[in-house]
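Asks: Sequence isn't available, so here's the structure alone:
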């Protein structure tokens, strides 16, 4: 019986430590106020249409957190209106962004650079 408790306790400990699993399955996401929220349902899966920068906020002047590689999947968190971007993924100018979780990094990408998969 004790063996059955090890996995849930280990998962909880990792979540409290700030470790976030990949886009598949459940994930732990840090909100803007740095509180931790566990997502129990599967995420809405997104695929990058080209290599795209995941940024700290929804503007091209924001810090780049990591590169999201073309054809790989991440989780959609929500859509946001943000700073305009030009020539992103073949679109001349637009301002809508997606808040995403890509391999444990929560940030923003231009909406036109991802598609639901």
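Replies: That came through fine. All values derive from a computational prediction rather than experimental measurement.
Asks: From here on, just use CA atoms for contacts and neighbour counts.
Replies: Fine.
Asks: ok, now how distant is residue 69 from residue 87?
Replies: With the distance defined as C-alpha to C-alpha, to the nearest Å, residue 69 ends up 18 Å from residue 87.
Asks: quick check: domain ranges of this structure?
Replies: 3-39, 44-116 (automatic domain parsing).
Asks: Any idea which of those domains has the lowest pLDDT on average?
Replies: Out of those, domain 3-39 stands lowest, with a mean of 49 (criterion: mean pLDDT).
Asks: quick revisit: of residue 69 and residue 87, which one has the most company?
Replies: Neighbours per residue, other C-alpha atoms under 10 Å: of residue 69 and residue 87, the larger number sits with residue 69, 15 against 9.
Asks: Tell me which stretches of this structure form strands.
Replies: Listed in chain order, the strands of the chain (DSSP state E) span 27-30, 36-39, 44-48, 52-55, 64-68, 73-88, 91-102, 105-110, 114-116.
Asks: Given the shortest one, what are its sheet partners and their directions?
Replies: So that's strand 114-116. Using DSSP bridges, strand 114-116 pairs in its sheet with strand 44-48 (antiparallel).
Asks: how many neighbours does the nearest residue to residue 81 once chain neighbours are set aside have?
Replies: Nearest in space to residue 81, with sequence neighbours left out and distances taken as C-alpha to C-alpha, 6 or more residues apart in numbering, is residue 96 at 4.8 Å. Counted by other C-alpha under 10 Å, the residues lying close to residue 96 total 18.
Asks: So residue 96 sits against residue 111, correct?
Replies: Yes: with contact defined as C-alpha atoms under 8 Å, residue 96 reaches residue 111; the gap is 5.6 Å.
Asks: overlap in contacts of the two?
Replies: Residues touching both residue 96 and residue 111 (C-alpha atoms under 8 Å, 6 or more residues apart in numbering): residue 79.
Asks: if I look at the residue nearest to residue 89 when sequence neighbours are not counted, how far off is residue 45?
Replies: In space, residue 89 comes closest to residue 113 once its chain neighbours are excluded; the distance is 5.4 Å by C-alpha to C-alpha, 6+ apart. Residue 113 sits 14 Å away from residue 45, going by C-alpha to C-alpha.
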